[in-house]
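Need a 3D model of the sequence below.
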Amino acid sequence: MTEPRRPYYGWWMIAGLSLTEPVSWGVLIYAFSVFVVPMHAELGWAPAELNGGYTAGVAVSGLVAIPVGRWLQRHGARGLMTAGSVLTVLALLGWSQTRSLPVFYGCFLVAGLAMATTLYEPAFALTAAWFHRLRARAVLILTIAGGLGSTIFVPLTGALVSAQGWRNALLTLAGIVAVVTIPVHALVLRRWPADLGLHPDGASHADTAAPVSHPAGQRRCILRSSSFRWITLSMVTHETGKWAVSVTLVVYLTSRGYPLGLATALAGSVGGLQVIGRVLSTWLQPRIPQHRTAIILFTAQGIALPIPLLTSGHGSLATVTIGVLLVFFGLGFGLTDLMRGTLVADYYGSAAYASINGVLSTFVVAARTAGPLLAGLVATLAHATAPVLATAALLSLIGAYALHRAHHTRTGEDIPGLEEHRRQIMR
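Next up, the predicted model:
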């Protein structure tokens, strides 16, 4: 009698990361915007100074991306992500006690190390090691879970700040990180399928194709190609705009008269909407190519973001315009992460996915750094956060055009060894 086949262990790790990614993203990234208002009220620091701390943290995460990638290649994600969770707890504890800008910035330097070692970069490296044919499904699950970080933690953080004050709210978040992420990363994650006598996707040895080598010359050809440059420009401009809006959205809504609790709930809806956008993009892929769905949503963002500037206050019409902004901003918010996990492999194959995506990630992290900095500068110069929306709208439109150019140029490129990929994306 044949024993029933056990579930592939890779899916257990995806399940574990689906618990930890929303916590890490929610605490390290999305919750920050909620603390700007109470910290400004208590400490008197300008938005540019507060956003500067966040920006410093994201910059650190970009600077250490290459050594983190080398560690992942040699040792796997288990120890690294566990250490990252510990660093997250330490950063939150220090942040809760800060009373000076140097200490605040120091806490975010630690938080930057935590970002590099707990967010999508190490998680995508794990999916690349454990999944080949089923990678798109694994990436979709992870990005959906990560997107829920906004839906859960923006309103949760707002409620904690209202009930406990911002310092105690940070202590509560530190406790959540310690209880949820440290045990999962330490006990569930594994290095390679071969360590457990398994093969990628849970396939038998006969079903597992031998990896195809990517000569260094071919990698250089890809990185120098026009399509890769257009993809990079698209993701950089869109990421810059979306994070500029993300860190100022709660401040913008409260400046229009919305209570903090309602403002955080509205901002938190972006997380749920980005999940819908990712699922919609994947579901439509057999009918509408993923790049085309992204172009449509990026363009819609560029149109929707400035619409609230036509109204003022928080009346019925103003709330409708805010709703239009949130719907289209949310639907397109998470597409760059999804495309990093899927579109790069579709265009250039999976053999050199890690190295190519690593280069792209460096630019994406830089954009994630530039977004809050740009928002702080624009808001400080204009003495208002509304112009940030107009700036982000322009960046979204540039991102849409660049992605269109990326697909157009890729279909005409002749990169050695990738002719089949070019033919597939031309269909």
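
tell me the pLDDT at the residue most central in space within the chain?
Residue closest to the average C-alpha location in the chain (CA atoms, centre = their mean): Asp337, at 5.6 Å. pLDDT recorded at Asp337 is 82.

surely it meets Thr143?
Yes. Counting by CB atoms under 8 Å, Thr143 is a contact partner of Asp337 at 5.1 Å. Where C-beta positions appear, they are placed from N, C-alpha and C, glycine not excepted.

host element of the residue nearest to the centre of the chain?
For Asp337, the host element (DSSP states H and E) is helix 335-348.

Same check on Thr248?
Per DSSP H and E, Thr248 falls inside helix 226-255.

So what angle separates the directions of that helix and helix 335-348?
170 degrees (axes from the mean of the first three to the mean of the last three CA atoms, to 10 degrees).

Sort out which residues of helix 226-255 are buried, please.
Buried residues in helix 226-255, counting neighbours by 16 or more other CB atoms under 10 Å, are found at 227-228, 230-254.

Measure how buried the nearest residue to Thr118 once chain neighbours are set aside is and give me the count.
In this structure, Thr118 finds its nearest non-sequential neighbour in Gly84, 3.8 Å apart by CB to CB, 6 or more residues apart in numbering. For Gly84, the neighbour count with other CB atoms under 10 Å is 25.

What of Ser316?
For Ser316, the neighbour count with other CB under 10 Å is 7.

Look up phi and psi at it.
Backbone torsions for Ser316, taken as degrees, to the nearest 10, come to phi -60, psi -50.

Could you check how far it is from Ile322?
Noted for Ser316: a distance of 11 Å to Ile322, by CB to CB, to the nearest Å.

Next: Leu173.
According to CB to CB, Leu173 stands 27 Å off from Ile322.

again with Thr127
Going from Thr127 to Ile322 by CB to CB gives 36 Å.

Those two: which is more packed in?
More neighbours surround Thr127 than the other of Thr127 and Ile322, with 25 against 21 (other CB under 10 Å).

quick one on the thing from earlier: what residues are shared contacts of Asp337 and Thr143?
Both Asp337 and Thr143 are contacted by Tyr120, under the criterion CB atoms under 8 Å, 6 or more residues apart in numbering.

Next, the residue lying closest to Ser246 once chain neighbours are set aside: phi, psi?
In space, and not counting its chain neighbours, Ser246 is closest to Ser33: 6.5 Å by CB to CB, 6+ apart. Note on Ser33: backbone dihedrals following degrees, to the nearest 10 are phi -60, psi -30.

pretty sure the residue nearest to Thr118 contacts Gly112?
No. Using CB under 8 Å, Gly84 is not in contact with Gly112, being 10.6 Å away.

The residue nearest to Gly26 when sequence neighbours are not counted: which element?
With sequence-adjacent residues excluded and distances taken as CB to CB, 6+ apart, Gly26 is closest to Phe153, at 2.8 Å. Here Phe153 sits within helix 135-164, counting by DSSP H and E.

how many degrees apart are that helix and helix 226-255 in direction?
20 degrees.

Could you tell me the end-to-end distance of stretch 177-197?
End-to-end distance for stretch 177-197, by CA to CA, to the nearest Å: 32 Å.

Only the buried residues of that stretch, if you could.
For stretch 177-197, the neighbour count (16+ other CB under 10 Å) marks Val177, Ala178, Val180, Thr181, Ile182, Val184, His185, Val188, Leu189, Arg190, Arg191, Pro193 as buried.

ok, now which ones touch the residue nearest to Thr118?
Counted by CB under 8 Å, 6+ apart, Gly84 has contacts Ser24, Leu113, Ala114, Met115, Ala116, Thr117, Thr118, Pro122, His185.

Does it lie in a helix or a strand, and which?
Going by DSSP H and E, Gly84 is part of helix 78-96.

any idea of the mean pLDDT in that helix?
Mean per-residue pLDDT for helix 78-96: 96.

which residues of the chain score low on pLDDT?
Scanning the chain with the threshold set as pLDDT under 70 gives 1-5, 202-218, 349-354, 416-427.

I figured Tyr348 was touching Ser355, is that so?
No. If you go by CB under 8 Å, Tyr348 and Ser355 don't touch, sitting 10.3 Å apart.

okay, those two: which has more neighbours?
Counted by other CB under 10 Å, Tyr348 and Ser355 do not tie: Tyr348 has more neighbours, with 28 against 16.

ok, so what distance separates the closest residue to Tyr9 other than its chain neighbours from Gly10?
Sequence neighbours aside, Leu196 is the residue nearest to Tyr9 in space, at 5.8 Å (criterion: CB to CB, 6+ apart). Leu196 is 10 Å from Gly10, where distance means CB to CB.

One more: Arg292?
Using CB to CB, Arg292 is found at 30 Å from Gly10.

Compare these two and say which is more crowded by neighbours.
Applying other CB under 10 Å to Arg292 and Gly10 shows that Gly10 carries more neighbours, namely 22 against 16.

My read is that the more buried one contacts Trp192, right?
No. Here Gly10 lies out of contact with Trp192, judged by CB under 8 Å, at a distance of 10.5 Å.
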